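[1] Sequence and predicted model, in that order:
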Amino acid sequence: MQLLDGKLLSENIKAELAAEVEALRGRGGKTPHLAAVLVGENPASQVYVSSKIKSCEQVGFKSSLIQRPASTSEQELLDVVRQLNEDPDVDGFIVQLPLPSHINEEKITLAIDHRKDVDGFHPVNFGRMAQGLPAFLPATPFGIVEMLRRYNIETAGKHCVVVGRSNIVGTPISILLSRKGYPGDCTVTLTHSRTQNLPAEVRRADIVVAAIGIPQFIKGDWIKEGTVVIDVGINRFPDTTKKSGYRLVGDVDFEAVAPKCSHITPVPGGVGLMTVTALLMNTLKACKKEIYP
Ligand code: BQF
């Protein structure tokens with residue numbers, strides 16, 4: 001069993017990004033600039049946004065954090081989005097999800113200029129991704145395909161079973177892995193809460209992508225020998241021995257599953273770190289106008 005090390009890969013990719021930033025500057029180009037909008041005080045969101053800002057510093061990107069109280073109206077947030085759309089110094093920006101319940105996430109996502117949509121959530125980017133056109137890929141699926149690529153994991157003709165059909169992970173990764181080319185050319189089964197006999201579906205997989213959001217949901221006896229397991233779950237599990245009061249666990253029962261795998265991602269230190277790194281890769285693409293010249 002080989003660990004797919006998100007920490008090691010992220011460090012390698014960040015070193016490449018830092019070198020590219022230097023090269024850009026040397027040619028008189030601008031410094032990539034990511035802005036992040038955080039509404040309210042969801043503790044997990046605060047952690048995620050902080051790590052995105054810190055990662056920008058590590059690679060020499062400029063970053064801006066725009067914080068607004070939970071009481072911010074939808075119109076006020078739309079105004080923030082419009083300002084960022086219009087700011088020529090900002091290459092890309094994200095609005096951290098989830099938003100307070102009185103704000104319509106779909107409406108905010110649609111208001112983001114797709115050329116600055118480095119989270120890849122805008123329907124223009126989603127549609128272009130689905131058609132195999134240049135697009136900002138959503139950060140988690142982008143991080144996963146980068147991980148498969150850098151570990152040279154074979155995908156052509158493999159049976160990939162995706163567990164979970166969210167707009168930001170399950171649905172886009174099933175599209176990406178079914179497309180022509182590498183990493184892709186998989187036969188994909190997209191499973192969800194209404195799938196009948198889920199263990200039997202997962203047992204047929206050469207590659208499993210677990211993105212259901214339930215701690216330790218995928219059991220050892222659901223996995224055939226030699227499977228590649230990608231665990232997207234980031235679940236807070238109560239743990240009194242930690243000073244935070246919790247530890248992170250994935251959607252996979254790691255202890256039971258790992259011994260059967262050819263490769264598996266750990267939690268923490270797996271896909272989550274690649275998600276943040278993929279956001280940086282998208283921001284550099286935005287700065288270089290690689291997707292939308
Ligand atoms: C790790 C996210 C659910 C909802 C909104 C490293 C992150 C997480 C875990 C991280 C996530 C999850 C992010 C680890 C960003 C991934 O070592 O296991 C990094 O920062 N993530 C987000 O911005 O919004 C979310 C999950």
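    That came in fine, so what should we check first? The shown structure was predicted, so the numbers you read here are calculated from the model rather than taken from an experiment.
[2] Got phi/psi on C261?
    In terms of degrees, to the nearest 10, the main-chain angles of C261 are phi -90, psi 150.
[3] how near is it to the ligand?
    From C261 across to the ligand, the span is 18 Å (C-beta to the nearest ligand atom, to the nearest Å). Every C-beta, even on glycine, is put in place using the N, C-alpha and C of the backbone.
[4] Let me see the ranges of the strands in the chain.
    2-3, 33-39, 62-68, 92-95, 159-163, 187-191, 207-210, 227-231, 235-238, 246-249, 261-264 (DSSP state E).
[5] Go through the ones you listed and name the closest to E16.
    Closest to E16 of the strands of the chain is strand 33-39 (C-beta to C-beta; 16.8 Å).
[6] For that closest one, list every residue counted as buried.
    The neighbour-count check on strand 33-39 (16 or more other C-beta atoms under 10 Å) flags 33-39 as buried.
[7] follow-up on the earlier one: mean neighbour count, the strands of the chain: which tops it?
    strand 207-210 (a mean of 28; mean count of other C-beta atoms under 10 Å).
[8] quick one: average confidence on stretch 81-88?
    Stretch 81-88 carries an average pLDDT of 98.
[9] whoops, I mixed them up, stretch 3-20
    On average, stretch 3-20 scores 98.
[10] buried residues in it?
    Those would be 3-6, 9-10, 13-14, 17, 20, for stretch 3-20 by 16+ other C-beta under 10 Å.
[11] And the ligand, is that stretch touching that?
    No: using C-beta under 6 Å from any ligand atom, stretch 3-20 stays clear of the ligand, coming no nearer than 6.6 Å.
[12] ok, now stretch 229-247?
    Yes: Stretch 229-247 reaches the ligand (C-beta under 6 Å from any ligand atom) through I234.
[13] ends of that stretch, how far apart?
    With C-alpha to C-alpha, to the nearest Å as the measure, stretch 229-247 spans 21 Å from end to end.
[14] And for stretch 209-223?
    Span of stretch 209-223 from end to end, C-alpha to C-alpha: 12 Å.
[15] and if you look at stretch 60-73?
    Start-to-end, stretch 60-73 (C-alpha to C-alpha) is 33 Å.
[16] Just the pLDDT for the residue of the stretch 151-293 of the chain found nearest the ligand.
    Closest to the ligand within the stretch 151-293 of the chain is G272: 2.4 Å, counting by C-beta to the nearest ligand atom. Predicted confidence (pLDDT) for G272: 98.
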